[in-house]
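Chemist: pasting the sequence and the predicted model now:
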Amino acid sequence: MLSALQLKLGMRLASALPAALFLALSTAQAQVVEVAGSSTVAKSIVEPSQAKLRDATGIELKMLSVGTGKGMQMLFDGKVKVAAVSASLDEAVDDAKKAGASAAPTGLKLHTLLTDQLVPIVHNDNPVKELSREQLRGLLSGKLQNWKEVGGPDLAVLVVTGAPGSGTRGVIEKQLLAGQAFASTAKELRTSAAELSEVAREKGALGYVGSGTAESAKGKIKEIKAPTVSRPLGLVTVGDPTPEVRKVLDYLQSAEAKKQFLQ
């Protein structure tokens with residue numbers, strides 16, 4: 001015969017079982033969608049929206065911040081169902097080729113989530129407030145190597161940029177450098193967060209990041225007034241998105257989501 005204590009413990013286990021079973025089933029049913037690509041998309045869109053997207057759709061986004069080009073290459077190779085890009089579709093395909101991708105598959109579709117402006121950033125102590133397109137082109141290409149050539153201090157310029165295949169780098173090369181190469185002395189970094197850290201540390205540094213990324217580092221770096229350079233931020237699929245990716249897109253394109261990443 002069971003003792004009173006054994007009966008009491010048995011009842012507690014029985015009452016706890018449904019809750020544990022529900023938790024196990026919920027975990028098993030959770031869908032994970034891997035997204036590979038732009039660290040700008042990760043910082044500006046995915047991270048601010050991730051928790052509420054999971055609550056609204058039951059889908060967990062796993063973001064691989066490997067850069068636009070590498071993300072597109074992974075999409076081409078079938079390693080992910082969706083790539084995150086910080087460039088137009090044509091520019092993203094070019095970035096993929098720079099990252100070593102083979103020919104692009106047919107039926108690529110860009111699902112734009114946000115139009116982002118790129119801004120030049122410098123160290124907080126840099127007194128330069130505004131640069132023209134020609135001055136920026138000279139500084140980024142290495143033709144101008146000292147800040148005193150654009151009205152700044154007698155200080156060597158350190159160009160900071162993403163690695164080849166970076167969406168931001170590709171946009172700057174196309175829209176601002178107009179075919180010229182970055183300075184041979186440019187410091188290439190893998191993520192926009194690393195670029196922010198480098199510009200905040202080096203007094204002669206000059207970088208280019210998305211406006212949202214720059215805003216997140218306000219007080220650590222300084223934005224420079226310059227001609228407008230913009231690009232789309234979005235997700236790319238091969239053909240129509242799968243049902244789970246469609247859910248992600250529907251949420252990220254909703255008014256509720258935009259409140260999260262447009263703050």
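Modeler: Received, thanks. Numbers count the residues shown, from 1 in each chain.
Chemist: tell me the helix or strand right after the helix or strand of the chain with the lowest mean pLDDT.
Modeler: For the chain, counting by mean pLDDT, DSSP states H and E, helix 4-29 ranks last in confidence among helices and strands (a mean of 46). Where DSSP states H and E defines the elements, the next helix or strand beyond helix 4-29 is strand 31-37.
Chemist: so what touches that following strand?
Modeler: Applying CB atoms under 8 Å, 6 or more residues apart in numbering, the external contacts of strand 31-37 come out as 41, 46, 58-68, 70-72, 74-75, 79-86, 167, 235-236, 244-245, 248. Heads up, the C-betas are built off the backbone N, CA and C, glycines and all.
Chemist: can you give the distance of it from its chain's centre?
Modeler: What separates the centre of strand 31-37 from the centre of its chain is 13 Å, taken as CA atoms, centre = their mean, to the nearest Å.
Chemist: just checking, next helix/strand downstream of that strand?
Modeler: helix 39-41.
Chemist: which other helices and strands contact that following helix?
Modeler: Using 3 or more CB pairs under 8 Å, 6 or more residues apart in numbering; DSSP states H and E, the elements in contact with helix 39-41 are helix 192-201, strand 229-238.
Chemist: can you put those in JSON lines and add mean neighbour count, mean pLDDT and distance to residue 102?
Modeler: Shown next, in JSON lines, are the helices and strands packed on helix 39-41 (neighbours: other CB atoms under 10 Å; pLDDT from 0 to 100; distance: least, CB to CB, whole Å):
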{"stretch": "helix 192-201", "mean neighbour count": "21", "mean pLDDT": "94", "distance to residue 102": "27"}
{"stretch": "strand 229-238", "mean neighbour count": "22", "mean pLDDT": "96", "distance to residue 102": "14"}
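Chemist: distance of residue 242 from residue 248?
Modeler: 10 Å (CB to CB, to the nearest Å).
Chemist: between those two, which one's more packed in?
Modeler: residue 248 (25 against 13; other CB atoms under 10 Å).
Chemist: so what's residue 44 up against?
Modeler: By CB under 8 Å, 6+ apart, the neighbours of residue 44 are 114, 116, 210, 212-213, 233, 261.
Chemist: those into a markdown table, with extra columns for secondary structure and distance to residue 136?
Modeler: Compiled in a markdown table, the contacts of residue 44 are given as follows (DSSP: H, G, I helix; E, B strand; the rest coil; distance: CB to CB, whole Å):
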| residue | secondary structure | distance to residue 136 |
| --- | --- | --- |
| 114 | strand | 23 |
| 116 | strand | 18 |
| 210 | strand | 16 |
| 212 | helix | 20 |
| 213 | helix | 18 |
| 233 | strand | 22 |
| 261 | helix | 27 |
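Chemist: closest to residue 140 among those?
Modeler: Residue 140 lies nearest to residue 210 out of the contacts of residue 44, by CB to CB, at 16.6 Å.
Chemist: count the neighbours of that closest one for me.
Modeler: 27.
Chemist: separation between residue 243 and residue 57?
Modeler: Taking CB to CB, one finds residue 243 at 11 Å from residue 57.
Chemist: same question, residue 169
Modeler: 32 Å.
Chemist: residue 79 now?
Modeler: 22 Å.
Chemist: compare those two (neighbour count), which wins?
Modeler: residue 57 (18 against 13).
Chemist: doesn't residue 248 make contact with the more buried one?
Modeler: Yes. Using CB atoms under 8 Å, residue 57 makes contact with residue 248 at a distance of 6.7 Å.
Chemist: quick check: domain ranges of the protein?
Modeler: Listed by automatic domain parsing, the domain ranges of the chain are 31-115+232-261, 116-231.
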